[in-house]
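A.B. asks: Okay, predicted coordinates and the sequence, questions at the end:
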Amino acid sequence: MTGFLQNTFNGLVSGAFYALLALGLAVIFGMLRVVNFAHGAFYMLGAFGAYVLLSEAGVPFWAALVIMPLGLGLLGMALERAVIHWLTRLDPLYNFLLTFGLTLILQDLVKSRYGVQSSPYATPSALSGSVDFGLFDFPAYRVFILGFAVLVCVAVWWVLTRTRVGMVVRAATERPELTPAFGINVGRWVTPVFGFGIALAGLAGVLAAPMRAVNPLMGADLIIVVFAVVVIGGLGSIFGSVAAGFGIGLVQAWGEAYLSDFPIVSQTIVFVVMAVVLLWRPAGLFGREEAPA
Amino acid sequence: MTSTVDTPEKAGRPAHRSGLVAAARAPRWIRYALLAVGLAAALWLPNGLYPAVAVDILCWALFAVAVDLLLGFTGLMSFGHAAFWGASAYVTGLVAIHAGLPFPVAVLAGALAAALLAVPIGYLAVKRTGIYFAMVTLAFAQMVYYVANEWRSVTQGENGLQGVPRALFGLDLTDDYYFYYAILPIVLLGLAAAWRIVHSPFGRVLVGIRDNPARARALGYPVHRYKLTAFVLSGFIAGLGGGLFAVGHRFVSLDVLHWTTSGKAVIVVVLGGIGTLWGAVLGAALVVRLEDWLSFSGFEAIGLVTGGIFVLVVLLFRRGIWGSAVVLARRWLARRHR
Amino acid sequence: MRRTVGVVAASAAVVLVAGCGGGGPQSGGDQELTGDKIVLGVLNDQSGAYSELSGRNSVKAVEMAIADFKTKHGDQAVTKEITVETADHQNKPDVANSKAAEMYDRKGVDIILDVPTSSAALKVADVAKEKKKLYFNIGAATTELTGKSCNKYTFHYAYDTYMLANGTGKVTTEQVGKNWYILYPNYAFGQDMEKSFTAAITAAGGQVVGKDGAPFPNTSGDYSTYLLKAPGLNPKPQVLGTMQAGAELVNVVKQYNEFKLRDKGVGLAVGLMFITDIHSLTPAALAGTTYTDAWYWNFDQTNREFADRFQKETGTRPSFAHAANYSAATQYLEAVQAAGTDDADTVVKQLEGKEVNDVFLRNGKIRAEDHRVIHDAYLAQVKPQAEVTEPWDYVKVLETIPAAEAFAAPSPDCKL
């Protein structure tokens, strides 16, 4: 039982990263119809930025947790204005390809400056202990990640449902043709929303720095899994992407723990689930109908 | 229909240019001249290039044409075609090693296996369109990658399938120069098949589906079944390329299944020109040659170059090399006629 | 008419593509000192995961070897013209395949050095055999190079999975604890390592109480399932042996510390670790960890002098791969010097059975039976942070493993 709870907890922690990344993808897709291939690269930039801030300017984890998402958010907005914007009127495939090219560039830029070797990043001292849950104790940093990610997801949900900005975003996501007809200036919100999605990826990156290897390729394979996650959740669905993120984290952790003789299971389970979902509900678990793409 | 070329790209629709329409309308003698130039170039290639690189170009040309068949003529962007290229490479390798059959037979077996694999993946994938289709194919290809990685008793895992023979009725094909000419007929057959598909009534329906799926459905065409057939045919042609690639390198490694391989195929097509078929061939030649040059150049950031070229092409030359050349030619001619 | 320009542009592009190549069908030929010069080829990863522990700095090391050779032999040198060709194989076996063939055929390369990544290494061995040209592998770990896939022209220089497992498995079992839990990445390298470790541990009187193959590549980057399981096993393992390498090793160690396994009485032993890995994890994260090293830059004065020169050239301390590349280039040049020709068969005869001592090879011998180059190996332990007095000096050598024990006996599978 203790073992099961521990594995469940770990699954939720892994799921927290999937959820934050999938949420960013979903928000961007909802507003811009852009599937951001470079999302993994921005996750990497978040982690790398935290490392550079710490090693070259002595900026601690807590400050990086604020600075990096903000900085990357601004970078994302600049990118949206500079290039993404040019292509949003065309087939979304072009932006998919553009961000794929950007991924190669970003990875290589970091690689040529800092090399491929993983860079060191220590757990912040305040969180280096353990939390005692009675039945078992658990690293404090993991508890923090889980709590923080849930908080961010709830906050995003609150913004989307309770504020005017959120209503515009939701309207634009769900009824892209109709919304401008009501005189709502959707275009004004496109750039900030893109920046916000990137900021979420950067945030996930900073959170990952103390517990994952920080190197230029850390987001490269991860993004494929996140793609599967959003397909499962329903690409247009913001709630779906978060739920699927946590769900896939759980399923993978259980697979690793209870089917450890078959590592193939935890590697491919996300794709199997995706295939099943596609057969059963082509629009994803929480997606309504196919968004025009 | 040529008007599609010059109208500004409409929102929500792929900006495909109908190279096939132009080719069909060009006078017969020009088409023959074009064919002659292409054949001459193909025959001469290993004399001007390092033969191993020339062999790679042939294999990648098939792969790119297969991707273009879907992307350019069916409007489906597969970001997971490495699954078919790689699956065929493995099957070809295994058949050649264990059955000792002549390599064209092994390659055919590989391509058939790839087509077979394309059936279930295609069946699921064609339920989605556009960007979803790209993501779904990507995820399935990654799944195939993990299975090959895990199924070590068959694929030799990370060490790769070593020692794939180049058997052909006792001929000595160890020199890549001669091997090039041995596979050229197979590649030309593959390319001709792709051309035939595009110019058949079936191909016309595909283009119709690409341009307006609702209308095609209203006209009574089973859209899903058409797409699936195109997907399987494309898997077969990619498989031909992958099988030849395995025999060409005399081994198979997991890289053939990695998603970066799928990405490279799409880069090749976009660079050459989506929906032009021959542009894909040209793109393959350029990309393979460029990579060969880069790896000897001492320049470390290969991704910076390929990524940079890609971003520029997507932003500025969406028609690709072939498409742009066609448009320029048209403009020039139109001005002269005036 | 409308297509003519397109045709012209397209065929011009084809000509352009091909034009950069030049030359016709190639055929290799062995002459006395081909072109009156020696060309050394370094084929390795210059942009990916192994580019730091070997990569372009290995090219520098080979250049150092050439300079030293020229200084040593002066006018007596077999030739004045010794050059280096280099290519990036990006860890892709198909790229390694074409590059190796191209190096031998077109760049006039007499010997290819380095080639990390087992799949690429095995492929290049095939090419060397076919082209009848020399190949010293340094960067790859697979014992197949001197087993099933061995051939007359291939030599395996620095290390292999047996060497890594044998030293660490044996000494750690004797000194740290008898009960092991082994965590390995589930692919060829990891499985070989797991088998070699288990054999070494059992031979030393220990036992493996549990082992798990983690997914490879591990996209989630999470190892907590295994790390949580380890302390609960019965009997409780005293050592966690991790076979992960590179970024995956970094993930395992980070999470090992997160779950405080050391405090729970589970020590850490690592299958394959480079000085660059310790640098990125910081010694503090790894203090007390044992592993087998093929060479350490601060082991003695000879090594240190080489390391100082290397640092002047490159700005960093050498990994064992750098030193091994230097040594391999030197030994090849000396063999050509002694033979008076670069004819591969003659040079192979010169090399076989030779006993060598240089900065990398201590009590070294080039085995004639399987072309394994054996030499002393070192059981190393990462120092506690407090004992680290200068950058990059992260380990102390606990024990020197004599050459004869460090490597396995020649495999019966190998028929040269």
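C.D. replies: All right, it came through fine. Numbering: from 1, shown residues only, chains lettered A, B, ... in the order given.
A.B. asks: any weak-confidence spans in chain A?
C.D. replies: A:288-293 (pLDDT under 70).
A.B. asks: Could you pull up the residues touching the closest residue to chain B within it?
C.D. replies: Chain B sits closest to residue A:104 of chain A, with a gap of 3.0 Å, by Cβ to the nearest Cβ. Where C-beta positions appear, they are placed from N, C-alpha and C, glycine not excepted. Going by Cβ atoms under 8 Å, 6 or more residues apart in numbering or on different chains, residue A:104 touches B:303, B:304, B:306, B:307, B:310.
A.B. asks: same check, this time on residue B:115
C.D. replies: Contacts of residue B:115 (Cβ under 8 Å, 6+ apart): B:84, B:232, B:233, B:235, B:236, B:239.
A.B. asks: Of those, which belong to helices?
C.D. replies: Mapping the contacts of residue B:115 onto helices (DSSP state H) picks out B:84, B:232, B:233, B:235, B:236, B:239.
A.B. asks: Take those and write them to a markdown table, including neighbour count and distance to residue A:210.
C.D. replies: Converted to a markdown table, the ones in helices among the contacts of residue B:115 look like this (neighbours: other Cβ atoms under 10 Å in any protein chain shown; distance: Cβ to Cβ, whole Å):
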| residue | neighbour count | distance to residue A:210 |
| --- | --- | --- |
| B:84 | 39 | 41 |
| B:232 | 19 | 47 |
| B:233 | 22 | 50 |
| B:235 | 31 | 44 |
| B:236 | 23 | 48 |
| B:239 | 36 | 45 |
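A.B. asks: what about residue C:88, distance to chain B?
C.D. replies: Computed with Cβ to the nearest Cβ, to the nearest Å, the distance linking residue C:88 and chain B is 5 Å.
A.B. asks: Hmm, I typed the wrong one, I wanted residue C:243.
C.D. replies: Per Cβ to the nearest Cβ, residue C:243 is found 13 Å from chain B.
A.B. asks: is any part of the stretch of helix or strand residue B:243 belongs to close to chain A?
C.D. replies: Using DSSP states H and E, the element containing residue B:243 is helix B:223-249. No: Helix B:223-249 stays clear of chain A (Cβ under 8 Å from any Cβ of the partner chain), getting no nearer than 11.3 Å.
A.B. asks: Poorly predicted segments of chain C, please.
C.D. replies: C:1-32.
A.B. asks: err, chain B, not the other one
C.D. replies: Using pLDDT under 70, the flagged stretches of chain B are B:1-27, B:298, B:300, B:337-338.
A.B. asks: all helices of the stretch 201-338 of chain B, in order?
C.D. replies: Taking DSSP state H, counting those that start in this stretch as the criterion, the stretch 201-338 of chain B contains helices spanning B:201-211, B:213-218, B:223-249, B:259-272, B:278-297, B:302-316, B:320-337.
A.B. asks: name the helices or strands packed onto the shortest one?
C.D. replies: Using 3 or more Cβ pairs under 8 Å, 6 or more residues apart in numbering or on different chains; DSSP states H and E as the contact test, the elements touching helix B:213-218 are helix B:201-211, helix B:223-249.
A.B. asks: Would you point to the one among these that's packed deepest?
C.D. replies: Ranked by mean neighbour count, the helices and strands packed on helix B:213-218 are led by helix B:223-249 with a mean of 26 (mean count of other Cβ atoms under 10 Å in any protein chain shown).
A.B. asks: check whether that one contacts chain C.
C.D. replies: Yes: Helix B:223-249 is in contact with chain C by Cβ under 8 Å from any Cβ, via B:245, B:249.
A.B. asks: what does the stretch 1-150 of chain A put close to chain B?
C.D. replies: Listed as neighbours of chain B in the stretch 1-150 of chain A under the rule Cβ under 8 Å from any Cβ: A:33, A:35, A:83, A:86-87, A:89-94, A:96-98, A:100-105, A:107-109, A:111-112.
A.B. asks: before we move on, back to that, turn the contacts of residue B:115 into JSON lines, columns for distance to residue C:182.
C.D. replies: Formatted as JSON lines, the contacts of residue B:115 follow (distance: Cβ to Cβ, whole Å):
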{"residue": "B:84", "distance to residue C:182": "37"}
{"residue": "B:232", "distance to residue C:182": "44"}
{"residue": "B:233", "distance to residue C:182": "48"}
{"residue": "B:235", "distance to residue C:182": "40"}
{"residue": "B:236", "distance to residue C:182": "44"}
{"residue": "B:239", "distance to residue C:182": "39"}
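A.B. asks: ok, these vs residue C:263, which is closest?
C.D. replies: Among the contacts of residue B:115, residue B:84 lies closest to residue C:263 (Cβ to Cβ), at 50.8 Å.
A.B. asks: Please convert the helices of the stretch 201-338 of chain B to JSON lines, extending it with distance to residue B:161.
C.D. replies: Below are those laid out as JSON lines (distance: least, Cβ to Cβ, whole Å):
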{"stretch": "helix B:201-211", "distance to residue B:161": "35"}
{"stretch": "helix B:213-218", "distance to residue B:161": "40"}
{"stretch": "helix B:223-249", "distance to residue B:161": "8"}
{"stretch": "helix B:259-272", "distance to residue B:161": "16"}
{"stretch": "helix B:278-297", "distance to residue B:161": "22"}
{"stretch": "helix B:302-316", "distance to residue B:161": "26"}
{"stretch": "helix B:320-337", "distance to residue B:161": "34"}
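A.B. asks: Of all these, which one is nearest residue C:286?
C.D. replies: helix B:302-316 (30.7 Å).
A.B. asks: what helix or strand does the closest residue to residue C:48 other than its chain neighbours sit in?
C.D. replies: Leaving out its chain neighbours, the residue that sits closest to residue C:48 by Cβ to Cβ, 6 or more residues apart in numbering or on different chains is residue C:91, at 4.9 Å. Element membership of residue C:91 [criterion: DSSP H and E] is none; it lies in no helix or strand.
A.B. asks: Check the gap between residue C:160 and residue B:322 for me.
C.D. replies: 50 Å (Cβ to Cβ, to the nearest Å).
A.B. asks: phi, psi of residue C:58?
C.D. replies: Per-residue torsions, residue C:58: phi -70, psi -30 (degrees, to the nearest 10).
A.B. asks: That one: what's it in contact with?
C.D. replies: Counting by Cβ under 8 Å, 6+ apart, residue C:58 touches C:42, C:44, C:113, C:114, C:138, C:321, C:322, C:325.
A.B. asks: switch to 7 Å and redo it
C.D. replies: Listed by Cβ atoms under 7 Å, 6 or more residues apart in numbering or on different chains, the contact set of residue C:58 reads C:42, C:44, C:114, C:321, C:322, C:325.
A.B. asks: Chain neighbours aside, what residue packs nearest to it?
C.D. replies: Residue C:58 sits nearest to residue C:325 (Cβ to Cβ, 6+ apart), 4.2 Å away.
A.B. asks: So which bits of the helix or strand hosting the one you found are buried?
C.D. replies: Per DSSP H and E, residue C:325 falls inside helix C:320-339. Within helix C:320-339, the residues that count as buried by 16 or more other Cβ atoms under 10 Å in any protein chain shown are C:320-337, C:339.
A.B. asks: Nothing else from me, thank you.
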